[in-house]
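Undergrad: Predicted model and sequence below, questions to follow.
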Amino acid sequence: MSVDVGRLYERLPHAGSMCLIEQVLDWGPDSVRCRTSNHRDPANPLRTKGGLRAICVVEYAAQAAALHAILVAGDDAPADAAASKKSRALLALVNGLELDTAYLHDGDGDLVLEGNVDYRSGAAVIYRFEAFDGTRPIARGRLGLTS
Amino acid sequence: MVLRRKSRVVILIGCGAVVASIAFGIMTDCQQEELRPEAPMRICIATAHPSLPGHFPGNPLVAGALLLAEIEERLASAGQRIVAIRRARFMRPVHPGDVVEVECRAGSNGEQRFECRVGDEMVVRGSFNVGEGANER
């Protein structure tokens, strides 16, 4: 079943060009796989002087994780009702991150993010993630979110 | 009495200079001036930054990844880039206009320990590894 990403973003504190994930390809109780193409956009809001630095994969992975958390919660409440109880999905921790590349914007393919829940406790969740330029692995690590 | 007036004027001028220098400091930081890697690093994401309208609308916050990317931009001027983050703990959100002071020092096993503060408050701390080749693919 296809996932309406726009509807999920209504429940996250992200809007406009900062909604970085374009599509959820696949998800389960403890895993999620997403793709996007805006890493190559010259107007990407996270670009710094040199371009879109690979470190920004952390924000992409965090958003994939936050979308997954909304999917798992499964609350189908309409957006206005949900707006008052938006998830904050704050990045709290990055651990063991490896970056094989300097930039994301010069990738050949879609940016694909795979996340797996490593640990979940109340409002905190830790994901292990891997990022791909098409099928080529470019980054991996763990990140923690608090809501 | 005359002396008092004079001292008041001096104090006023003194305060004005401090305020002016702080304001000037923030302005130049927000223009992302080029800093030497060995100089104290200051990062300030201006309110007009394109990521802010869409990141926590109504209470805009600086994305942690953007802060790390700006640190890396400073390292890039020395031909280095971040190849790994051992750990980074985000302790407090960074708001637009906050002046983040970044301190880096060499740790064990070639890692760089870094601490980011806004005023006296720690906002991010951790360690990363740098490699050569700021622009390599």
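TA: Received, thanks.

Undergrad: In chain A, which residue sits nearest chain B?
TA: Residue nearest to chain B within chain A (Cβ to the nearest Cβ): A:M18, separated by 2.9 Å. Using the backbone N, CA and C atoms, a C-beta is placed for each residue, glycine as well.

Undergrad: Run through the residues that contact A:F129.
TA: Going by Cβ atoms under 8 Å, 6 or more residues apart in numbering or on different chains, A:F129 touches A:A61, A:A64, A:A65, A:L113, A:E114, A:G115, A:N116, A:R140, A:G141, A:R142, A:L143.

Undergrad: 6 Å instead?
TA: A:A61, A:G115 (Cβ atoms under 6 Å, 6 or more residues apart in numbering or on different chains).

Undergrad: buried residues in the helix or strand where it lies?
TA: Element membership for A:F129, per DSSP states H and E: strand A:124-133. The neighbour-count check on strand A:124-133 (16 or more other Cβ atoms under 10 Å in any protein chain shown) flags A:V125, A:I126, A:Y127, A:R128, A:F129, A:E130, A:A131, A:F132, A:D133 as buried.

Undergrad: Over to stretch A:108-120?
TA: Neighbour-count burial for stretch A:108-120 flags A:D110, A:L111, A:V112, A:L113, A:E114, A:G115, A:N116, A:V117 (criterion: 16+ other Cβ under 10 Å).

Undergrad: Now do the contacts for the fifth one.
TA: Remark: with contacts taken as Cβ under 6 Å, 6+ apart, A:E114 is in contact with A:R33, A:E130.

Undergrad: Report the secondary structure state of it.
TA: Using DSSP: H, G, I helix; E, B strand; the rest coil, the structure places A:E114 in strand.

Undergrad: among the helices and strands of chain A, which one scores worst on average pLDDT?
TA: Across the helices and strands of chain A, mean confidence by mean pLDDT, DSSP states H and E is lowest for helix A:79-83: a mean of 49.

Undergrad: For A:G6, which phi and psi angles does the backbone take?
TA: The phi/psi pair for A:G6 (degrees, to the nearest 10) reads phi -60, psi -40.

Undergrad: what's the burial count for it?
TA: Counted with other Cβ atoms under 10 Å in any protein chain shown, residues neighbouring A:G6 total 10.

Undergrad: And B:V118, by the same measure?
TA: 17.

Undergrad: Check the one 5 residues further on too.
TA: Around B:V123 there are 23 other residues, counting by other Cβ under 10 Å.

Undergrad: same check, this time on A:A15
TA: Neighbour number of A:A15 under other Cβ under 10 Å is 15.

Undergrad: Who are the contact partners of it?
TA: B:G54, B:P57.

Undergrad: Contact residues of chain A facing chain B?
TA: Within chain A, the positions near chain B by Cβ under 6 Å from any Cβ of the partner chain are A:13-18, A:45-46, A:48-50, A:53, A:55-56, A:58-59, A:91-95, A:97-99, A:101-102.

Undergrad: Just the buried ones from those residues?
TA: Taking 16+ other Cβ under 10 Å as the criterion, what is buried in the residues of chain A next to chain B is A:13-14, A:17-18, A:45-46, A:48, A:50, A:53, A:55-56, A:58-59, A:91-95, A:97, A:99, A:101-102.
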